[in-house]
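**Student:** next one to model:
(one chain, ligands or ions: 1)
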Amino acid sequence: MIVAKFGGSSLADGTQFKKVKNIVLSDSERKYIIPSAPGKRGPGDDKVTDLLYACHEAALSGKVFKHLLGRIRERYEEIADEIGVSFDFTADFEDIANELTKGTTRDYIASRGEFLNGKLLAAYLEFPFVDAARVIRFDQNGHFMEEESNALISSVLSEYPRAVIPGFYGAEENGEIRTFTRGGSDITGSIIARGTKADIYENWTDVSGIMMADPRIIRDAMHISEITYRELRELSYMGFSVLHDDAVFPVRRAGIPINLRNTNDPKHPGTMIVASAKIDASHPVTGIAGRKGFCAVALEKDMMNAELGFGRRVLQVFEDFGISFELLPTGIDTMTVIVESAKLMPRLEEVLERLQKDVHPDHLAVHDKLAIIATVGRGMVRNFGTAARLFTAISQQGISIRTIDQGSSELNILVGVDESDFENALRAIYDAFIRM
Ligand code: ASP
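**Tutor:** Below is the predicted model of the structure:
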């Protein structure tokens, strides 16, 4: 049994709706369908969710929102027209306008994008519509309640052999609508897959899964056919944007694989995200990702090693400023804290002052404009010389490595280079491991 989530670009207009219907009906195992709100039809277009947020903001500050709401209604009416479904949106849009005038919550307004798209898609597929407010539960503080939702999903959906359930939102027990963060339909799909004990969670977007490196840097980057949840997590953190971060956990816990697929190329098998995958010793690297915008705060102090609590005091300073650290390379008498520049720079002077005061380093320096590259692969653990190959590849380009970090899981080697060397270093690693 398959749970299939379709993203905003897969449902942006009538043509896309038709593709979705073909996909859903081409496999009778696709039983629960999770739609996003209509996304952009092309560059410069608006996502319905953004328009809804704009309506809410206008209403909140006493401005007119009717024209914006009218644009949203037109989008749905255009889709209904193109797919030949007669659907009267009058009552729904009157409700939304009334709620806006009454000063309803931002979450409620945002959720209407998925709600209406779900109703329209259900009518088109001739599937029942099940409101996500019935099965996705949040507590009064807006936190998602996984176990309660899981129980609701299995009991409510057992009555529906097939259904369309809108993504992105749910409700508190009293019916108050709550949403996930942006892109949250991915999470709904994952939760529904877990709750219905699906065999596969399909996530349909407009790309055929994941590439081994960012195709803006490596134009002919190869496609990844299979990747483990853990590898994906490492790569996503370092810049691969594939799924909402929180979407992995429900299915991962239930051992359900995620299949990333392309609505515009449904024959392409896409990428499978699985709990464990076979290791090909000749290809130790699964993917390479990286980001710019880091900064290293380097501390040096004689006998640091013998000073109990030094590391904790250093990290306490960052914690007090609400800055989380990314990497922490340490030496005998040195410790470097690597953080995102955007978080540190606005408070740099204060942080340095506190470090001086709390740990009295002999030397304190800041190196800005660092990029970090993650070379990730489940095959590295069984392989000799991966690190040597990686460093050789980078150094042969005349690039100096500013920091190195490898966790003992041997799943990921992280190197820091100057931002200006980022693209070349990434290409060098790609050539060394993937192009070979
Ligand atoms: N429509 C929501 C957004 O634009 C949620 C989603 O598409 O997953 O963020």
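
**Student:** what does the stretch 101-250 of the chain have sitting close to the ligand?
**Tutor:** On the criterion CB under 6 Å from any ligand atom, the ligand has as its neighbours in the stretch 101-250 of the chain the residues 113, 167, 168, 182, 183, 184, 185, 186. No exception for glycine: its C-beta is placed from N, CA and C like everyone else's.

**Student:** of these, buried ones?
**Tutor:** Burial by neighbour count, judged by 16 or more other CB atoms under 10 Å, picks out 113, 167, 168, 183, 184, 185, 186 from these.

**Student:** spit out the contact partners of the second one.
**Tutor:** Applying CB atoms under 8 Å, 6 or more residues apart in numbering, one finds that residue 167 lies in contact with 5, 34, 35, 36, 114, 132, 184, 185, 186, 187, 188, 189.

**Student:** just the ones of these in helices?
**Tutor:** With helices defined by DSSP state H, the entries of those inside them are 114, 132, 185, 186, 187, 188, 189.

**Student:** of those residues, closest to the ligand?
**Tutor:** When the ones in helices among the contacts of residue 167 are compared for distance to the ligand (CB to the nearest ligand atom), residue 185 wins out at 3.2 Å.

**Student:** nearest residue to that closest one other than its sequence neighbours?
**Tutor:** If the residues on either side of it in the chain are set aside, residue 185 comes closest to residue 167, at 2.6 Å by CB to CB, 6 or more residues apart in numbering.

**Student:** which residues of the stretch 51-200 of the chain fall in helices?
**Tutor:** Residue ranges of the helices in the stretch 51-200 of the chain, as given by DSSP state H, counting those that start in this stretch, are 66-83, 90-102, 106-125, 132-135, 146-157, 185-195.

**Student:** where in this structure is pLDDT low?
**Tutor:** Scanning the chain with the threshold set as pLDDT under 70 gives 407-409.

**Student:** tell me which residue is most central in it.
**Tutor:** residue 244 (2.6 Å; CA atoms, centre = their mean).

**Student:** return the residues in contact with that one.
**Tutor:** Remark: with contacts taken as CB under 8 Å, 6+ apart, residue 244 is in contact with 180, 181, 183, 184, 186, 187.

**Student:** skipping adjacent residues, who's closest to the fourth one in space?
**Tutor:** With CB to CB, 6+ apart as the criterion, residue 184 has its nearest non-adjacent residue at 4.6 Å, and that residue is residue 168.

**Student:** ok, now the second one?
**Tutor:** If the residues on either side of it in the chain are set aside, residue 181 comes closest to residue 244, at 7.5 Å by CB to CB, 6+ apart.

**Student:** next one: phi and psi at the one you found?
**Tutor:** When read as degrees, to the nearest 10, the backbone of residue 244 gives phi -60, psi 130.

**Student:** ok, now residue 103?
**Tutor:** Note on residue 103: backbone dihedrals following degrees, to the nearest 10 are phi 80, psi 40.

**Student:** pretty sure it sits against residue 62.
**Tutor:** No: counting by CB atoms under 8 Å, residue 103 sits too far from residue 62 to count as a contact (10.3 Å).

**Student:** what does stretch 49-58 contact?
**Tutor:** Outside stretch 49-58, the residues within contact range by CB under 8 Å, 6+ apart are 8, 37, 64-65, 68-69, 71-72, 96, 100, 106, 109-110, 112-113, 168, 182.

**Student:** drop anything exposed from the residues you listed.
**Tutor:** Judged by neighbour count, with buriedness set by 16+ other CB under 10 Å, the buried members of the contacts of stretch 49-58 are 8, 37, 65, 68-69, 72, 96, 100, 109-110, 112-113, 168.

**Student:** I'd like these as a markdown table, with distance to residue 211 appended.
**Tutor:** Rendered in a markdown table, the data for those read as follows (distance: CB to CB, whole Å):
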| residue | distance to residue 211 |
| --- | --- |
| 8 | 21 |
| 37 | 27 |
| 65 | 40 |
| 68 | 37 |
| 69 | 39 |
| 72 | 34 |
| 96 | 39 |
| 100 | 42 |
| 109 | 36 |
| 110 | 31 |
| 112 | 35 |
| 113 | 29 |
| 168 | 26 |
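
**Student:** let me know the closest of the residues you listed to residue 270.
**Tutor:** The shortest separation between residue 270 and any of the buried ones among the contacts of stretch 49-58 is 17.8 Å, and it belongs to residue 8 (by CB to CB).

**Student:** in the stretch 201-350 of the chain, which spans are strands?
**Tutor:** Chain-ordered strands for the stretch 201-350 of the chain, with DSSP state E, counting those that start in this stretch as the definition, fall at 210-211, 223-224, 226-228, 258-262, 271-274, 287-300, 325-327, 334-340.
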